[in-house]
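A.B. asks: Quick one: sequence plus predicted model below, questions after.
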There are 2 protein chains.
Amino acid sequence: MIIRSGVLVAALAGLAGAAPLDPNSAAARVAGGALLDGQAYADAQALSDRIGQRLAGSAAAERAVEWALATMRAAGLKNVRREPVKIPRWLRGDERAEIVAPASLPLHAAALGGSVGTPKGGLTAEVIEVATPDELKTIGERARGKIVLFNKPMQRTRGFEGYGAAVGARGRGAVEAAKVGAVAALIRSVGTGPGRLPHTGATRYDDQVAKIPFAALAAEDAELLHRLLASGAVKVRLELGAHVASDVESANVVGEVPGREKPGEIVVIGAHLDSWDLGAGALDDAAGCAIALEVGRLTAAVGGARRTLRVVLFMNEENGLSGARAYAEAHKAELSQHAAALEADGGAGRPTGIAVVAPAATPAPSLPLVTAWAAPLAALQLDAPRVLDQGGSDLRPLQSAGVPIVDVLQDMSSYFDWHHSAGDTFDKIDPHDLALDAVAYAVMAFAAADAPERLPPSPPPPRW
Amino acid sequence: MIIRSGVLVAALAGLAGAAPLDPNSAAARVAGGALLDGQAYADAQALSDRIGQRLAGSAAAERAVEWALATMRAAGLKNVRREPVKIPRWLRGDERAEIVAPASLPLHAAALGGSVGTPKGGLTAEVIEVATPDELKTIGERARGKIVLFNKPMQRTRGFEGYGAAVGARGRGAVEAAKVGAVAALIRSVGTGPGRLPHTGATRYDDQVAKIPFAALAAEDAELLHRLLASGAVKVRLELGAHVASDVESANVVGEVPGREKPGEIVVIGAHLDSWDLGAGALDDAAGCAIALEVGRLTAAVGGARRTLRVVLFMNEENGLSGARAYAEAHKAELSQHAAALEADGGAGRPTGIAVVAPAATPAPSLPLVTAWAAPLAALQLDAPRVLDQGGSDLRPLQSAGVPIVDVLQDMSSYFDWHHSAGDTFDKIDPHDLALDAVAYAVMAFAAADAPERLPPSPPPPRW
């Protein structure tokens, strides 16, 4: 779909019973600017193609920080700065996985973020397969001394639903497997894609439970183990060089469009600068950084809003949310003056809807407000506005402090084909879809910053 | 699509104006057997999952030979034997490719089969991009000292057309690049698939021209180089450990269903046992081996045909056609008694048509014959029979000797997504499509072996 600015403005004025849109309005100017003079695609390319993977703590992540500072300044943002973040530096090292019995067959595997390594020389053990960590309860002693394989395919959905249902096993799999005596764990990649790609992602340990190595397998290799297990024992050798090095000083990158009337009230538009190390972090989250920067650039170009719009590019969303925590801590005193926060961390699929975080049980008073703010987006044919229980990961500490969270939902049907894998490269981004994302985020962020009224506080986020 | 045998037989009898099919006919029994008691899927799995990659000359290729001998015997074939083939053993070694300027970015690359390695420690040079070897003529001295990138996407087609148009550059790219002074060459993978997979495949040298290293790049990485080259020089470091070791003795595996009336006349149904080393060689060519074995098994089960049906599983189709040449040499004296040859080497997509090799210019007298042989396949809704100028690669030496070549065409729309890459794994095979393939090959091979008449000789194959 290619929409030219004039067409969009005309459509905005005519569709879905929306009031005619003044072409001089901020929404019209923002939409036109994003579509005809957008820098989002170029910014996403700069991060993906010229910096590439930028695992928190790496030299490339520091290059991304420098790039973000320069890009914010060029975008006309003010008060552009680093805000320090301490990174517990995890390193992948060399890794190798293979089936050694009943035949010698290579496996495409990648350690999960935060995983410990194997002993030098690797470990070899029989594999025992379960669908989910919960199923381990029925396994009893049979997992002792073995490598547990969690093998449940993720479902493809338009939103986060499929991922949400599958990712829990990646977070707690090592702990649950260690509890039943396993020596290591493998998980079918939490992803929907083809191409024999392992998809990494963060995992967690519990200090009360032995820490065992945990790696993702390409879907094809999980299927292979499943087929071989159907007719007998299978032994796997796993050698992971993953380890943690000394902490590194890094930074969130922050820039602002100062508010015209209430500069002390703040609307945050965030994204995360860091990425996993296997791909180029194009969809996750160069696209989001590009969207957030575009929102800042466009808001500055239209002369700013009533409140301050603050662009925050967080460091280390992927492997521990260090930047998110550092931001909340550094800005503790002004969190009550955060009128709203949004994070673009859902790839580059076109916008499908908007949402606000509110208690599920009551009619949300914030819903009519964000619905009105989204009115200029009628031409995008979005779904009816929704209530969610959380927004982007980096916003969790803000949500815990009650900051109102607004979200733009995007089409994620193909996002998880590449997410956290070597396939997350710039070619996966469609420039027109990305421009539409920038329009949607810009309209919502600008409205939150410019509206006379403020959203009520968000409820705390659900436990992970 | 799931077709049960009874339904198929009924359909065969009723559709497309075909004469009613006698359920006691060989065609009906073969179709029913392939669908209800087929071993093709299990055989393809055994080769893919339990032997895996079987590069000619490797220990795994020898395990494949042993497996094929045992499987032929279990299938009821007679005169099961090895026929010796000498393999010039090519080894990949360790390999690594990366962009070193304007930024440090990894590339997903794999040496092409037969490529020489780089000097120890690798080589680093600027990249110059062309679409095809022909375009090098317009480049002149600008390629000297550089790494040539051939970057033309392969088109997705239902048959071999897309591959045929793209693969020439893989064959002659190193020679053409060396002629203009390049120090190495890269090619965008000849494939249609996603997942950042390099697709290997054979390349050739010319003894009159310097031999330079030649590797395939994942499509994503070819696109990345293209984007970076749009704004300046790009340097790549390439380190390929590829080398040739001492020759190895290996074998074609041959088994027969002796002819009832003319045992000295032979119909060959072939496939190739070897595979490339990156994947499991499931589509290429465990599927074909499974089809050929099924044709042998079913022909034996229906009591054989008038002529001898000979199943030949060739060694080293991929990297030099050594087995094909060895077969033609060993059977030189009886090639005139080869009534026909077919090779299953087009993956596991369902059958779409049949073809016969004949001169293009004249009305082919063989076309009405194979059309009649294909009549029992009416229910498969095949395209009208076609004339081709060649069949499977292993049949080239036979075609050169005039052996009539018959082909079953298959849907290859997704075949080249995985062909010659790590993605060529067993999960890509659909059991029902594979069974339909076995039916089509069995009906055609049985007809060639049982028909009163013989096909006229094939014209020689076109030059590569």
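C.D. replies: Cool, got the structure.
A.B. asks: Need the three-state assignment for A:Asp433.
C.D. replies: The assignment at A:Asp433 comes out as helix when based on DSSP: H, G, I helix; E, B strand; the rest coil.
A.B. asks: What are the phi and psi values at the residue lying closest to it once chain neighbours are set aside?
C.D. replies: Counting by C-beta to C-beta, 6 or more residues apart in numbering or on different chains, A:Arg350 is the residue found nearest to A:Asp433 once chain neighbours are left out, at 4.2 Å. C-beta coordinates here come from the backbone N, C-alpha and C atoms, glycine included. Main-chain torsions, A:Arg350, degrees, to the nearest 10: phi -60, psi 160.
A.B. asks: For A:Arg350, give its distance to chain B.
C.D. replies: The gap separating A:Arg350 from chain B is 20 Å, by C-beta to the nearest C-beta, to the nearest Å.
A.B. asks: Low-confidence bits of chain A, can you list those?
C.D. replies: By pLDDT under 70, the low-scoring segments of chain A are A:1-20.
A.B. asks: and it, which of its residues are near chain B?
C.D. replies: Proximity of chain A to chain B (C-beta under 8 Å from any C-beta of the partner chain) is limited to residues A:45, A:49-53, A:60, A:102-106, A:108, A:193-197, A:219-220, A:223-224, A:227-228, A:279-280, A:417, A:422-423, A:425-427.
A.B. asks: One more pass at 7 Å, please.
C.D. replies: Applying C-beta under 7 Å from any C-beta of the partner chain, we find that chain A lies next to chain B at A:45, A:49-52, A:102-103, A:105, A:108, A:193-197, A:220, A:223-224, A:227-228, A:422-423, A:425, A:427.
A.B. asks: among those, which ones are buried?
C.D. replies: A:45, A:49-52, A:105, A:108, A:193-197, A:220, A:223-224, A:227-228, A:422-423, A:425, A:427 (16 or more other C-beta atoms under 10 Å in any protein chain shown).
A.B. asks: one step back: among the residues of chain A next to chain B, name the ones in strands.
C.D. replies: Mapping those onto strands (DSSP state E) picks out A:Leu105.
A.B. asks: And stretch A:229-237, end to end?
C.D. replies: 15 Å (C-alpha to C-alpha, to the nearest Å).
A.B. asks: got it, and stretch A:100-118?
C.D. replies: 17 Å.
A.B. asks: now do stretch A:337-349
C.D. replies: Using C-alpha to C-alpha, the two ends of stretch A:337-349 sit 32 Å apart.
A.B. asks: tell me which strands and helices the helix or strand containing A:Val312 is in contact with?
C.D. replies: Under the criterion of DSSP states H and E, A:Val312 resides in strand A:307-314. On a contact count with 3 or more C-beta pairs under 7 Å, 6 or more residues apart in numbering or on different chains; DSSP states H and E, strand A:307-314 meets strand A:248-257, strand A:262-272, helix A:287-301, helix A:322-330, helix A:431-450.
A.B. asks: what about A:Val167, distance to A:Arg325?
C.D. replies: A:Val167 is 20 Å from A:Arg325, where distance means C-beta to C-beta, to the nearest Å.
A.B. asks: Just give the closest residue to the closest residue to chain B within the stretch 51-200 of chain A, not the sequence neighbours.
C.D. replies: Residue of the stretch 51-200 of chain A nearest chain B, by C-beta to the nearest C-beta: A:Gly195 (1.4 Å). Nearest non-adjacent residue to A:Gly195, counting by C-beta to C-beta, 6+ apart: B:Gly195, 1.4 Å away.
A.B. asks: Can you verify my assumption that that neighbour contacts A:Arg196?
C.D. replies: Yes: using C-beta atoms under 7 Å, B:Gly195 makes contact with A:Arg196 at a distance of 6.5 Å.
A.B. asks: Return every residue with contacts to both of those two.
C.D. replies: Shared contacts of B:Gly195 and A:Arg196 (C-beta atoms under 7 Å, 6 or more residues apart in numbering or on different chains): B:Gly423.
A.B. asks: Name the SS class of the residue nearest the centre of chain A, please.
C.D. replies: Of all residues in chain A, the one closest to the mean position by C-alpha atoms, centre = their mean is A:Asp345, 4.0 Å from it. In three-state terms, and counting by three-state DSSP, A:Asp345 is coil.
A.B. asks: how about it, what does it touch?
C.D. replies: Contacts of A:Asp345 by C-beta under 7 Å, 6+ apart are A:Ala271, A:His272, A:Asp285, A:Gly288, A:Gly392, A:Ser393.
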